[in-house]
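S.K.: Below are the sequence and a predicted model; questions follow.
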Amino acid sequence: MRAVEIHEYGGPEVLKVVRTAAPDPGPGQVTVDVAYAGVNFADLKARAEGYRVAALPYVPGLEVSGRIRAVGAGVTDLRPGQEVAALTAAGGYAEVVAVSAATVFALPEGVDPRTGATLPTVLPTAHALLHEVGRLRAGETVLVHGAAGGVGTVAGQLARAAGAKAVYGVVSSAAKAGHALEHGYDEVFVGDSFPEEVRRATGGRGVDLLLDPVGGDTLRRGLDALAVFGRIVSYGNASGAEPWQVGPAELYGSGRAVAGFSILSLAQTAPEALRALAERAFRTATDGVVALPVTAEFPLEDAAGAHALMGGRTSTGKLLLKVAP
């Protein structure tokens with residue numbers, strides 16, 4: 001089979017297409033003939049700095065869609081030929097991937113494989129950030145960093161559907177602001193002046209819920225954008241900054257809270273909770289609550305092109321690799 005491997009860390013050019021043997025499913029696993037693979041920022045971090053990479057060579061790819069090829073011992077609720085979406089520990093940039101059956105989901109009715117590849121990470125993450133972790137209530141205000149990205153595009157729509165009073169976004173360019181405004185946002189701020197912009201937009205009050213995948217100084221400054229009893233949910237460290245700590249001095253005075261979420265960690269520690277979360281989240285796609293825009297598609301052989309686009313901070317929405325011919 002064809003697969004994209006990393007043999008050394010570096011830029012997009014280290015992604016190499018190789019021929020290798022297709023895996024067989026182990027106990028509790030299935031193998032999937034991959035139709036599409038999602039491209040995520042975590043893949044770029046794996047390629048550049050070894051994020052979550054146990055050893056080289058390494059095949060990136062955390063989510064796929066396709067058909068089940070074979071099932072391993074102990075798997076009873078999935079069958080060969082079934083169309084599925086799957087969250088993988090790695091290995092999605094390949095024609096065949098072995099996946100834990102616990103993180104394989106039947107494609108919802110009416111969802112094609114191309115859209116299906118956008119489901120495993122984006123929808124459950126956005127849903128958890130707003131509801132399970134962020135505890136969003138109708139009438140509250142929300143601020144989302146990376147509002148034009150995959151998660152940001154969905155979070156704006158979900159917040160609007162949940163009855164948020166106002167949904168604000170932060171992006172890095174005017175072009176991205178236009179994309180975000182088409183997907184549920186009332187106002188989008190460009191650059192790092194968001195605390196001042198939020199205070200202006202809310203009459204000095206601040207927002208009730210802030211979603212942050214950036215970390216570092218952006219996460220710290222987010223406290224200045226919170227209302228009394230406001231919450232921040234951290235779900236990434238795209239800045240690469242050292243972990244930031246917060247304590248009583250920053251939180252006690254206004255009853256603020258900081259929480260965190262990682263869908264990859266949840267898949268390892270509480271797969272049943274992930275399955276329940278995914279089922280709730282996927283319904284928002286089949287019910288028409290959210291649209292999942294694929295804004296760029298690359299052949300498997302051009303995974304480097306997809307990484308270059310995402311790494312250049314000009315991409316919006318969701319990027320996919322088309323694996324099946």
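M.R.: Looks like it came in fine. What you see is a predicted model; the values in this text were computed from it and never measured.
S.K.: which residues sit in contact with the residue nearest to Leu309 when sequence neighbours are not counted?
M.R.: Closest residue to Leu309 apart from its sequence neighbours, by Cβ to Cβ, 6 or more residues apart in numbering: Ser315 at 4.9 Å. Yep, even glycine has a C-beta here, placed from its N, CA and C like the rest. Shown in contact with Ser315 (Cβ atoms under 8 Å, 6 or more residues apart in numbering): 149, 295-296, 309.
S.K.: Let me know the distance separating Ser315 from Val214.
M.R.: Distance, Ser315 to Val214, using Cβ to Cβ, to the nearest Å: 16 Å.
S.K.: following the helix ranked longest in the chain, which helix or strand shows up next?
M.R.: What stands out as the longest helix in the chain, according to DSSP state H, is helix 271-286. Counting by DSSP states H and E, the next helix or strand C-terminal to helix 271-286 is strand 294-299.
S.K.: what pairs with that next one, and is each one parallel or antiparallel?
M.R.: Paired with strand 294-299 in the same sheet, following DSSP bridges, are strand 318-322 (parallel).
S.K.: And the partner strand, what's buried?
M.R.: 318-322 (16 or more other Cβ atoms under 10 Å).
S.K.: which stretches of the stretch 101-250 of the chain form helices?
M.R.: Here the stretch 101-250 of the chain has its helices, by DSSP state H, counting those that start in this stretch, at 113-116, 119-127, 150-161, 174-181, 194-201, 216-222, 248-251.
S.K.: From the contact counts, what lies against the fourth one?
M.R.: Based on contacts counted as 3 or more Cβ pairs under 8 Å, 6 or more residues apart in numbering; DSSP states H and E, the elements that helix 174-181 packs against are helix 150-161, strand 166-171, strand 187-190.
S.K.: Show me what the first one is packed against.
M.R.: Using 3+ Cβ pairs under 8 Å, 6+ apart as the contact criterion, the elements in contact with helix 150-161 are helix 119-127, strand 141-145, strand 166-171, helix 174-181, strand 318-322.
S.K.: Quick check, Gly152 in contact with Leu158.
M.R.: No: contact criterion Cβ atoms under 8 Å: Gly152 and Leu158 do not qualify, at 10.7 Å.
S.K.: Of the helices and strands packed on helix 150-161, which stretch is the most buried?
M.R.: Of all the helices and strands packed on helix 150-161, strand 141-145 has the most neighbours on average by mean count of other Cβ atoms under 10 Å, namely a mean of 28.
S.K.: Parallel or antiparallel, list what pairs with that strand.
M.R.: Note on strand 141-145: by DSSP bridges, its sheet partners are strand 166-171 (parallel), strand 207-212 (parallel).
S.K.: before we move on, the earlier item: just so I know, which of the helices and strands packed on helix 150-161 lies nearest Leu62?
M.R.: Ranking those by proximity to Leu62 (Cβ to Cβ) places helix 119-127 first, at 6.2 Å.
S.K.: Quick check: ChimeraX command selecting the buried ones in the contacts of Ser315.
M.R.: Per 16+ other Cβ under 10 Å, the buried members of those correspond to this ChimeraX selection:
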select :149,309
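S.K.: Going by distance to Glu250, which of the contacts of Ser315 wins?
M.R.: Closest approach to Glu250 among the contacts of Ser315 (Cβ to Cβ): Gly149, at 26.9 Å.
S.K.: That closest one and Thr76, how far apart?
M.R.: 37 Å.
S.K.: Please apply the same query to Pro12.
M.R.: 41 Å.
S.K.: And Gly146, by the same measure?
M.R.: 39 Å.
S.K.: Kind regards, and thank you for your time.
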